[in-house]
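>>> what's the 3D shape of this:
(chains A and B)
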Amino acid sequence: MSVLLDTPAATEPTGAETATGAETVAALAARAAEARRLVVDMAASPRGCHLGGSLSVLDILIAALHRASAGDGTEVVLSKGHAAAGLYAALYVSGILPENPAPLYGRADQPYTGHPGPKVPGVRFPTGSLGHGVPYAAGWALARRLGGHGGLGIAVAGDGELQEGLVWETVQVAAAQGLGNFVLVVDRNGGQNDGYVEDISPLPRLGERFEAFGFETVHTDGHDLGALTAILAGDRTAERRPLAVIADTVKGKGVPAVQGKAGCHYVTIDATRAAKWKRAIR
Amino acid sequence: MTAAPQDAPAPPTPAPLSGRDAYRAELTRLAAEDPAVVCLEADLGGKGHPFQTAHPDRFFNLGIAEGAMVDMATGLAAAGYKPFVSTFAPFAALRAAESLKLTLGYLAAGVTVVAPYAGVSGAWFGTTHHCLEDLAVLRSIPGVTIAAPYGEAEMRAVVRAAVRSGKPHYIRTGRNAAYASLPWDGERDGAELPPVLWESRSADDDVCLVSVGEEGTRLALAARQALPGVSHAHLVYVDHEHLARSAAELGAHHRRFVVVEEHRAQGGAAEALALLLPSHEVTGVAADRSWPARGGDHEEVMASLGIDLPAVFGAVHRARTRDRALAAAV
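Take a look at the predicted model:
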């Protein structure tokens, strides 16, 4: 996904793009709350959605799309494509997607499938087959550097997704190529399809792993929009070490009824419950 | 100006390049004209790669990471580049198959995959280095142009076409075998290769050999010279769209075909042509269902799979015999 230069969001910056500091964070937080309500709406569709991971990754996506709104060619790739509902909502509230995706999600003749593809405005790459978004973003970063341009290739991956070998192939390659403009943000919510990452295939000393590969590593609260925007704000054109951002998140974040519960991985709810959950989102 | 003496020896004709050397040479040449061309290798490009020498800023050996290489090429293509990625066929078509599906198929990205060591050209290296399944995999992915050129000139033409088109390509080649391509109209003008390249056209009522790839074409050429009356049509492109066009042309001239290809029968060109020409007779000389588990050179491993000249002779003989038996019955 990228902020397209001919979209209203890019040509007519919102208050968030022109404001700074606390105002920016407040504006982004409002977007995130609105996006969470949309994700709940998608959980209330006949198809349901990957609710927990969509809610955990939302703040990261909002911050990354805000970074991309600088218009320097930064590309954001949601590699954990099962969080498609979160992506569609984030694209919409960021002004990239021109239509509300929630009423259209999962419907025939609509592009809002359970895993995202390039038919959705703002999405360049098909993801959901885990691991691929990481090298897509790395390839984008390589292209920016090759052309002498600024801008980042940002991949947003899940911690369960890090079990895929393709991720580590790419981490190896990105470090070897000195792709300082490549950023891998890990949405570390601790869950995966069948349970907890810790119980299935844990990732001990994750930060040390990235550092051993030659990455810069930053740990942060993945729901702290101020911290996320600050980390992603850099130019990094002259950097030679790729950046890994390990963002600790909470599955189901923002919806008290499911927050922190592993069972919220995939959820289908009725309209009454959706209305109740949306009222609880702050 | 001094006239050359009439009896001066003609300059020696340089030996043709192998398919993979022709690829490297042509892409290096084209990259000088097109700054969007980039070359990616997964540690099997060899030392002294001419592209690396000529365009070091656009050459990337990404190491032994085939999936990452193909997907990173996707990112490069999305940003406007024309990536050519190369690794051995089994690692490209099988290990990175999911990436090929998404990149070449679903995204229709302008990425070209060049795959040497196709078929059993890896020979004594063993089954891990053989690839008798790549055409089946790639032919099932819509929108991919699949080429199996024979000889240097064809490889150069295919690479040129891939650069020009900006569309997804899979180019299959062998290891080090070097053959002179069949001549075709327009070769000197740099024209694209025709769907069917008729090496020999005999009577329409006899059997037509159809050759695919380096070794299929080598065998067909040898068989045709030994079998008067047999025609020989060579196919460079074997994706569904090209085969459909080829089938129409082949079917207009012949009724019986023997297809020679270094691939398993399942998913190969013979199977495709049989479906495209249901009222014609199509048989194939292709790899059997076994796994070559012993050493030997390329031809010996092919023979162990049932791909050799006696097999071609036998297939032609059976086609002719069946026809006579049918005529006698009628």
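>>> State the number of residues packed around whatever residue of the stretch 101-250 of chain A ends up closest to chain B.
Shortest the stretch 101-250 of chain A-to-chain B distance, computed as C-beta to the nearest C-beta: residue-wise this is residue A:139, at 2.1 Å. For the C-beta atoms, the positions are set from N, CA and C on the backbone; glycine is no exception. For residue A:139, the neighbour count with other C-beta atoms under 10 Å in any protein chain shown is 35.
>>> What about the nearest residue to it once chain neighbours are set aside, how many residues nearby?
Counting by C-beta to C-beta, 6 or more residues apart in numbering or on different chains, residue B:75 is the residue found nearest to residue A:139 once chain neighbours are left out, at 2.1 Å. If you count neighbours by other C-beta under 10 Å, residue B:75 ends up with 30.
>>> Might you calculate how far whichever helix or strand residue B:75 is part of sits from the centre of the chain?
Assigned by DSSP states H and E, residue B:75 belongs to helix B:66-78. Here helix B:66-78 shows a centroid-to-chain-centroid distance of 23 Å under the convention C-alpha atoms, centre = their mean, to the nearest Å.
>>> CA atoms only for the next helix or strand after that helix - export them in PDB, please.
For helix B:66-78, the succeeding helix or strand toward the C-terminus, using DSSP H and E, is strand B:82-86. What follows is strand B:82-86, C-alpha atoms only, in PDB (Å, rounded to 0.1, in the frame of the first residue of the first chain):
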ATOM      1  CA  LYS B  82      12.800  -4.800 -15.200                       C
ATOM      2  CA  PRO B  83      14.300  -7.500 -13.000                       C
ATOM      3  CA  PHE B  84      15.800 -10.700 -14.500                       C
ATOM      4  CA  VAL B  85      16.300 -13.400 -11.800                       C
ATOM      5  CA  SER B  86      18.100 -16.600 -12.300                       C
END
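>>> which other helices and strands contact strand B:82-86?
helix B:19-33, strand B:37-41, helix B:66-78, strand B:112-115, helix B:152-165 (3 or more C-beta pairs under 8 Å, 6 or more residues apart in numbering or on different chains; DSSP states H and E).
>>> again, only using 6 Å
Judged by 3 or more C-beta pairs under 6 Å, 6 or more residues apart in numbering or on different chains; DSSP states H and E, the packing partners of strand B:82-86 are strand B:37-41, helix B:66-78, strand B:112-115.
>>> if we can go back for a sec, could you double-check that the residue nearest to residue A:139 sits in contact with residue A:136?
Yes - the criterion here is C-beta atoms under 6 Å, and residue B:75 meets it with residue A:136 at 4.8 Å.
>>> who touches the residue of the stretch 101-250 of chain A closest to chain B in this structure?
B:72, B:74, B:75, B:76 (C-beta atoms under 6 Å, 6 or more residues apart in numbering or on different chains).
>>> how about a cut-off of 7 Å?
B:71, B:72, B:73, B:74, B:75, B:76 (C-beta atoms under 7 Å, 6 or more residues apart in numbering or on different chains).
>>> got it, and residue B:149?
Residue B:149 neighbours (C-beta under 7 Å, 6+ apart): B:19, B:155, B:158, B:173, B:236.
>>> For the last one, grab phi and psi.
What that stands for is residue B:236. The phi/psi pair for residue B:236 (degrees, to the nearest 10) reads phi -90, psi -40.
>>> what residues does the stretch 201-330 of chain B put near chain A?
Contact residues (C-beta under 7 Å from any C-beta of the partner chain) of the stretch 201-330 of chain B with chain A: there are none.
>>> What count of nearby residues applies to residue B:80?
Residue B:80: 11 neighbours (other C-beta under 10 Å).
>>> Just give the nearest non-adjacent residue to it, would you?
Using C-beta to C-beta, 6+ apart, the closest residue to residue B:80 is residue B:36 (6.4 Å).
>>> Quick check: residues of the stretch 51-200 of chain A near chain B?
Residues of the stretch 51-200 of chain A lying close to chain B by C-beta under 7 Å from any C-beta are A:118, A:124-126, A:129, A:132, A:135-140, A:142-144, A:153, A:166, A:169-170, A:172-173, A:176-177.
>>> now, which of these lie within helices?
Using DSSP state H, the subset of those located in helices is A:135-140, A:142-144, A:166, A:169-170, A:172-173, A:176.
>>> I'd like the helices and strands packed on strand B:82-86 as CSV, with mean pLDDT and distance to residue A:21 appended.
Formatted as CSV, these follow (pLDDT from 0 to 100; distance: least, C-beta to C-beta, whole Å):
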stretch, mean pLDDT, distance to residue A:21
strand B:37-41, 98, 41
helix B:66-78, 98, 33
strand B:112-115, 98, 48
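>>> Of these, which is nearest residue A:34?
helix B:66-78 (29.0 Å; C-beta to C-beta).
>>> thinking again about what came up before, surely the residue nearest to residue B:80 meets residue B:84?
No - using C-beta atoms under 7 Å, residue B:36 is not in contact with residue B:84; the gap is 10.9 Å.
>>> Just want to know which of the two has more residues nearby.
Each of residue B:36 and residue B:84 has its neighbours counted (other C-beta under 10 Å); residue B:84 has more, 26 against 17.
>>> Okay, and the beta partners of the more buried one?
When bridges are called by DSSP bridges, residue B:84 pairs up with residue B:39, residue B:112.
>>> what's the distance between it and residue B:259?
Distance, residue B:84 to residue B:259, using C-beta to C-beta, to the nearest Å: 29 Å.
>>> Kindly report the same for residue B:121.
19 Å.
>>> Ok, residue A:198 next?
55 Å.
>>> Which one's more surrounded, those two?
More neighbours surround residue B:259 than the other of residue A:198 and residue B:259, with 29 against 13 (other C-beta under 10 Å).
>>> mind checking which helix or strand the more buried one is in?
Assigned by DSSP H and E, residue B:259 belongs to strand B:256-264.
>>> packing partners for that strand?
With contacts defined as 3 or more C-beta pairs under 7 Å, 6 or more residues apart in numbering or on different chains; DSSP states H and E, strand B:256-264 has these neighbours: strand B:208-212, helix B:213-226, helix B:269-276, strand B:281-287, helix B:309-329.
>>> between the ones you listed, which gets nearest to residue A:278?
Taking the helices and strands packed on strand B:256-264 one by one with C-beta to C-beta, helix B:269-276 is closest: 53.7 Å.
>>> what angle do the closest one and strand B:256-264 make?
130 degrees (axes from the mean of the first three to the mean of the last three C-alpha atoms, to 10 degrees).
>>> helices or strands next to helix B:269-276 in the packing?
helix B:240-253, strand B:256-264, strand B:281-287.
>>> Quick one: mean pLDDT for it?
What helix B:269-276 shows for mean pLDDT is 98.
>>> buried stuff in it?
Residues of helix B:269-276 classed as buried by neighbour count (16 or more other C-beta atoms under 10 Å in any protein chain shown): B:269, B:270, B:271, B:272, B:273, B:274, B:276.
>>> which residues does the last one contact?
It stands for residue B:276. So residue B:276 contacts B:243, B:244, B:247 (C-beta under 7 Å, 6+ apart).
>>> circling back: so which of the helices and strands packed on helix B:269-276 has the densest surroundings on average?
The highest mean neighbour count among the helices and strands packed on helix B:269-276, using mean count of other C-beta atoms under 10 Å in any protein chain shown, belongs to strand B:256-264: a mean of 27.
>>> Read off the pLDDT value for residue 216.
This is for chain A. Taking residue A:216 on its own, its pLDDT is 98.
>>> Let me rephrase: I mean chain B.
With respect to pLDDT, residue B:216 has a value of 98.
>>> got a list of what it touches?
B:260, B:261, B:262.
>>> Is residue A:210 in a helix, a strand, or coil?
Classification of residue A:210 using DSSP: H, G, I helix; E, B strand; the rest coil returns helix.
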